[in-house]
Structure formats: C-alpha cells, structure tokens
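Trainee: My questions are about this predicted structure, shown below with the sequence.
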Amino acid sequence: MSEPTFPVFRTAGAADIPIIVALVESAYRGDSGRRGWTTESELLDGRRTDEHAVGELVSRPGSCILLAERDGRLIASAHVERQGESGYFGMFAVDPDEQGGGLGKAVLAEAERMAREQWQCRAMRMTVIEQRAELIAWYERRGYRRTGEYQPFPYGDERFGIPRRDDLRFEVLVKDFAGQAA
C-alpha cells in the first residue's frame, strides 16, 4: 500500500456546507462515528450540527472552516475563529476511515499556523467535553494544557446533541504560541 498523500488545505465556502455537515456527522455520531476513536456516540445522541449552524461559521467575520482534501475528497475539517488575541479551534472532524494516520495532527498544525500568521494570535483555545479523557490527552501531547476552566453543556438545546448522561460539561484547553514563529 502506498503512503497517503499530504492533504491540500483550503477554507470553506457556501457550496461546501452540505459536505462539511456530512463529515462532521459521520465523525461524531452513529455507527460511522464508532469506526473512529473520536466519536461522541456514547455521550450524545442526535445531530452534531446542521447546515444553518455551519453556514453561520462560514460567513461570520474572523471565522472560517478549514478543509483538508485528498484527491478532491473532503477528509477533515475544523472551525477556526479569531477571538481577541486567541484563536478558537472547534468542530474538528476527521473521516473515521482516515483517523490514526497523522491527518488530525496536520489539520491542527495548519489551524494553529493560520491563527498565528494570519491573525497574530498569541494562543489557541478550545473546549472539549471533560469526559473525553483520551481526546484531552491527545491535545495535551500537542502542547495544550488544561486550564481548570469549565463551561456548562447546553442541556435542552438539541443543536448540540441529545445528552445520554446528566454530568456533561466542557473543559477549556489552551496552547500558548510564545516562542513559536509567527
């Protein structure tokens, strides 16, 4: 088997919204999400996002959805947004069949580069459901630190999924860019 080619990165436009939604849903929910290790299927049912929510992120000033493609096929995406002196990284999705080969690291590195070089951000922030210990550990290995800051899970708002337990909350993770090339 040949080595996979490095992805091509670009930012999403309105025409990309349906394929972004399909990718995010496949990575986070249902049986397809269980093929990868990033699924939230044990914690949440329902949808992860929809076309309206993705459209808002694509069109919002200081916000973009970074796409990674290989051979013209979408294989990963992430929301990147400038929030003051920090970038925000979220709604990260990697095709479950592409997980485990370094693609996620490449997408995260590209998002960090964008935040540093295009927006002169000093750090990258994100929120992760605190019960996702394996995912938090993955981010820690990439230089993110747990802040001890938490945000409530939006219970009752099905745009974020239907919780399967009553103790969910988000933990804020941060990576400082001090000493990294801008």
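Mentor: Looks like it came in fine.
Trainee: How about the contacts made by residue 88?
Mentor: Listed by C-beta atoms under 8 Å, 6 or more residues apart in numbering, the contact set of residue 88 reads 79, 80, 81, 82, 124, 125, 126. Where you see a C-beta, it was placed from the backbone N, CA and C, and this is true even at glycine.
Trainee: cool, and residue 138?
Mentor: Residue 138 makes contacts with residue 104, as judged by C-beta under 8 Å, 6+ apart.
Trainee: Ok, residue 124 next?
Mentor: By C-beta under 8 Å, 6+ apart, the neighbours of residue 124 are 86, 87, 88, 89, 111, 112, 115, 144, 174, 175, 177.
Trainee: Return the set of buried residues in the strand or helix carrying it.
Mentor: If you go by DSSP states H and E, residue 124 is part of strand 123-129. By 16 or more other C-beta atoms under 10 Å, the buried positions in strand 123-129 come out as 123, 124, 125, 126, 127, 128, 129.
Trainee: And for stretch 107-127?
Mentor: The neighbour-count check on stretch 107-127 (16+ other C-beta under 10 Å) flags 107-108, 110-112, 114-116, 119, 121-127 as buried.
Trainee: What average pLDDT does the strand holding residue 124 get?
Mentor: Regarding strand 123-129, the rounded mean pLDDT is 96.
Trainee: got it, and stretch 64-81?
Mentor: The pLDDT scores in stretch 64-81 average 96.
Trainee: Then stretch 158-167?
Mentor: Rounded mean pLDDT across stretch 158-167 is 81.
Trainee: and the end-to-end length of it?
Mentor: End-to-end distance for stretch 158-167: 16 Å, by C-alpha to C-alpha, to the nearest Å.
Trainee: List the buried residues for that stretch?
Mentor: With burial defined by 16+ other C-beta under 10 Å, the residues of stretch 158-167 counted as buried are 160, 161, 163.
Trainee: what's the answer for stretch 133-152, then?
Mentor: Applying a neighbour-count criterion of 16+ other C-beta under 10 Å, one finds 135, 136, 138, 139, 144 buried in stretch 133-152.
Trainee: in what helix or strand does residue 75 lie?
Mentor: Element membership for residue 75 (DSSP H and E) is strand 73-83.
Trainee: how far is the helix or strand following that strand from where the chain is centred?
Mentor: Where DSSP H and E defines the elements, the next helix or strand beyond strand 73-83 is strand 86-94. The chain centroid and the centroid of strand 86-94 are separated by 4 Å under C-alpha atoms, centre = their mean, to the nearest Å.
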